[in-house]
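A.B. asks: Need coordinates for the below:
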Amino acid sequence: MPKGRPKHAAASARELHVGRAVFMLRRAQELDQAALARQAKVASDTLGRLERAEVSPSLSSLFRVADGLGLSLVAVMLAAELVEQKGAKWLLRRLRGLEAQAVEDKIAAASKVRGLRGDDD
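C.D. replies: Residues are numbered from 1 along each chain as shown. All right, here's what the predicted structure looks like:
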């Protein structure tokens with residue numbers, strides 16, 4: 001990558017939102033990067049690059065990270081949509097300190113209200 005170019009310049013907006021969502025979901029569970037990396041069975045530097053949108057993660061990596069968070073991949077992707085719609089801090093305020101199932105439920109409820117699941121009827 002040429003000097004002077006932002007590290008995440010090559011990342012799409014969606015990758016940036018996924019990375020921010022993973023970061024906020026990790027923080028909401030009060031996990032440090034090393035702990036989530038261990039739980040997800042991914043390298044800590046890989047997790048850091050994913051959170052900073054410096055890499056385009058594989059589906060396998062995303063599944064492992066979701067598992068490490070105790071969430072479904074759908075919840076992580078919906079969290080990314082909520083980050084895009086409302087911002088990362090909005091997401092963090094609503095999820096901080098919740099258990100994984102409560103996080104999953106809260107994300108599903110927020111995404112359904114916002115029509116992010118495609119349930120427009």
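
A.B. asks: Which pLDDT does the model give V74?
C.D. replies: Here the pLDDT value assigned to V74 is 89.

A.B. asks: what about it, neighbour count?
C.D. replies: 14 (other Cβ atoms under 10 Å). (Glycine included, C-beta is placed from N, CA and C.)

A.B. asks: mind checking which helix or strand it is in?
C.D. replies: V74 is part of helix 73-86 when elements are defined by DSSP states H and E.

A.B. asks: Kindly export the helix or strand just after that helix (C-alpha atoms) in PDB.
C.D. replies: The first helix or strand that comes after helix 73-86 along the chain, using DSSP H and E, is helix 88-95. Coordinates of the C-alpha atoms in helix 88-95 are reproduced here as PDB (Å, rounded to 0.1, in the frame of the first residue of the first chain):
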ATOM      1  CA  ALA A  88     -20.900   2.600  16.500                       C
ATOM      2  CA  LYS A  89     -21.300   4.500  19.800                       C
ATOM      3  CA  TRP A  90     -25.100   4.100  19.500                       C
ATOM      4  CA  LEU A  91     -24.600   0.300  19.300                       C
ATOM      5  CA  LEU A  92     -22.200   0.200  22.100                       C
ATOM      6  CA  ARG A  93     -24.500   2.200  24.500                       C
ATOM      7  CA  ARG A  94     -27.300  -0.300  23.900                       C
ATOM      8  CA  LEU A  95     -25.300  -3.400  24.200                       C
END
